[in-house]
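>>> Provided below are the primary sequence and the corresponding predicted coordinates.
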Amino acid sequence: EGLEASLNLSLKALRSYNEEAFLNFIWLGVLHDDIKVNEKMASTLWGIDKEEAGDVLEVLWEEGLLTQDSTIQLGNEKLKTYRIHDLFHDIALHYLTCSPTTEKSTELPGLGLTLNESHTSLLNRYQSKMQKMGLWHTLEDDAYIHSHLTWHMEKAGKIEDIHNLLIEETENGINGWYEALESLELNAVFIEDLMKAWNLSEKNSEHQIEQGNKTSFIGLELRYALIYTSINSLSSNISTELLVALLETKKWNETKVFIYAQKEPDSYERVTKLISIYRIINDESMKEEVMDKALEITSRIQDDYHRSNALSALVPHLDGQRKEEVIEKALEITSRIQDNYYRARALSTLVPHLDGQRKEEVIEKALEIASKIQNDYYRLNALSVLVPHLDSQRKEEAMEKALEIASKIQLDYVGVDVLCFALSSMRNSPSNKLYFLWRKGIRILREYPRSNLLSNIITLIPVMNDLGEDETLFEISRAIIDVSNWFP
């Protein structure tokens, strides 16, 4: 309360000698919280030129209403940035929406705007900055709006504008918003915007279905699924080695590499990519996020052998209690592997991370299991991976056994099916249940490359037609054509 009272006194003093700066401070309340403010974006927010905006920011900083942050490079310019404390942001938002008339002389008047009006006003100011009228993707970068445009649109109640944003095209027929964000290395923002639009479409579909009507949003949902899977396809074509090279040469930043690594459709390969980039990422908070994601994905791997191997690969990058927990989990999973060869190999990957008595026990168990492998080739392979971890006497014995097996060997793979038949067979179900199944199915398909989704569209068309309005088939074909052009 003391801080808030002190702030109000500062604002009263500011208003008394510089009312324009006071009003400019209030408009900071419309911005997203925890952001950096610079003179370029502030000039749009306040409707003044950039130099004047810089002066106002200096005044607000001198008054203690802002704190200085880092200097950023924006094109050929270096710009100072400022932050606004959460409490100050709340105060600014309060005065933005409270009444312009006051009952007491000691109270400060507000602007009397609704949140909807405030965000609409900001969007209108940005619209005037478009290089091509009506095309948001032609906005110049100001280190703010590209990351928060759809947030402002949603706050302004302009949901249709969000959907229109995601179908903007460049002169070359490429998805305009994707190209704009990728050029700014804001790929994560595009995914967030896509998911926001998709979720809004699903919410509208649910409402229309619950009202006993057909939904007008099925075509949009499919379009967003096609875009999502197109990005998956682009990402899956990028090998682990290329991702690492792009990061090491700084052609891509850490955030972009992280996004692309997560789009690998195969869970085990996704973990492998995440571990590879984890090793060379410098930002500590990003490293923690990458590791958390890798552990989360590993926990969902169904195949015990691959899951155990993934956990083993994660162990060297952990420490303390977390490391112990992952080792115990890996040992537990390994104990469930039925095939002796895979079980022995999984145990061998854990040995380097163990010590003392537990290490000896695991080695003994792995040797015992390896000896039971009937196929000579696989038994040889299992022994070979164990040899480096044995002491001298057991190493010699294992090598002799391996040589004996090798002398007798005469050296002489699993598809993934995504089936939508169950969904198509449920067409006579109530619409709300059918839509639930549709949504579940499309969310599963979005995790795979676009080709998987396209190959199932023929099966899904009757379902979409049942759920959607008369224009659904046209929207489906339009979506396929558009997205194929945007992401060849």
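Cool, the structure landed. Numbers count the residues shown, from 1 in each chain.

>>> list the residues that contact the most centrally placed residue in the chain.
Centrality entry for the chain: nearest residue to the mean C-alpha point is Ala188, 5.3 Å, by CA atoms, centre = their mean. If you count contacts by CB atoms under 8 Å, 6 or more residues apart in numbering, Ala188 has them with Thr255, Lys256, Phe258, Ile259. (Each C-beta comes from the backbone N, C-alpha and C, glycine too.)

>>> you'd agree the last one is up against Glu192?
No - between Ile259 and Glu192 there is no contact under CB atoms under 8 Å: 10.5 Å.

>>> and those two? which has more neighbours close in?
Ile259 (19 against 15; other CB atoms under 10 Å).

>>> which SSE is the more buried one in?
helix 254-262 (DSSP states H and E).

>>> by contact count, what packs against that helix?
Contacts defined by 3 or more CB pairs under 8 Å, 6 or more residues apart in numbering; DSSP states H and E place helix 254-262 against helix 187-210, helix 218-236, helix 240-248, helix 267-278, helix 284-299.

>>> out of the ones you listed, nearest to Ile457?
The closest of these to Ile457 is helix 218-236. By CB to CB, the value is 7.9 Å.

>>> can you state the direction angle for the closest one and helix 240-248?
90 degrees (axes from the mean of the first three to the mean of the last three CA atoms, to 10 degrees).

>>> how about the strands in the chain?
Applying DSSP state E to the chain gives strands spanning 36-37, 67-74, 77-83.

>>> partners of the shortest one in the sheet?
Each strand that pairs with strand 36-37, with its direction, by DSSP bridges: strand 77-83 (antiparallel).

>>> go ahead and produce CSV holding the CA coordinates of the partner strand.
Only the C-alpha atoms of strand 77-83 are listed here, as CSV (Å, rounded to 0.1, in the frame of the first residue of the first chain):
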residue,chain,number,x,y,z
GLU,A,77,19.6,1.3,-35.0
LYS,A,78,20.6,0.8,-31.4
LEU,A,79,17.7,1.5,-29.1
LYS,A,80,17.5,1.8,-25.3
THR,A,81,14.9,-0.3,-23.7
TYR,A,82,12.9,0.1,-20.5
ARG,A,83,10.8,-2.0,-18.3
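
>>> begin at 26 from now on, thanks
In the new count, where the first residue is 26, that last one comes out as strand 102-108.

>>> pLDDT averaged over that strand - what is it?
Taken as a whole, strand 102-108 has a mean pLDDT of 93.

>>> want to throw the strands of the chain into TSV with mean neighbour count and distance to Glu231?
Below are these laid out as TSV (neighbours: other CB atoms under 10 Å; distance: least, CB to CB, whole Å):
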stretch	mean neighbour count	distance to Glu231
strand 61-62	20	37
strand 92-99	12	41
strand 102-108	16	39
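
>>> quick one: least confident helix or strand in the protein?
One helix or strand of the chain scores below all others by mean pLDDT, DSSP states H and E: helix 446-449, with a mean of 54.

>>> quick check: the gap between the residue nearest to the centre of the chain and Ala205.
Distance, Ala213 to Ala205, using CB to CB, to the nearest Å: 14 Å.
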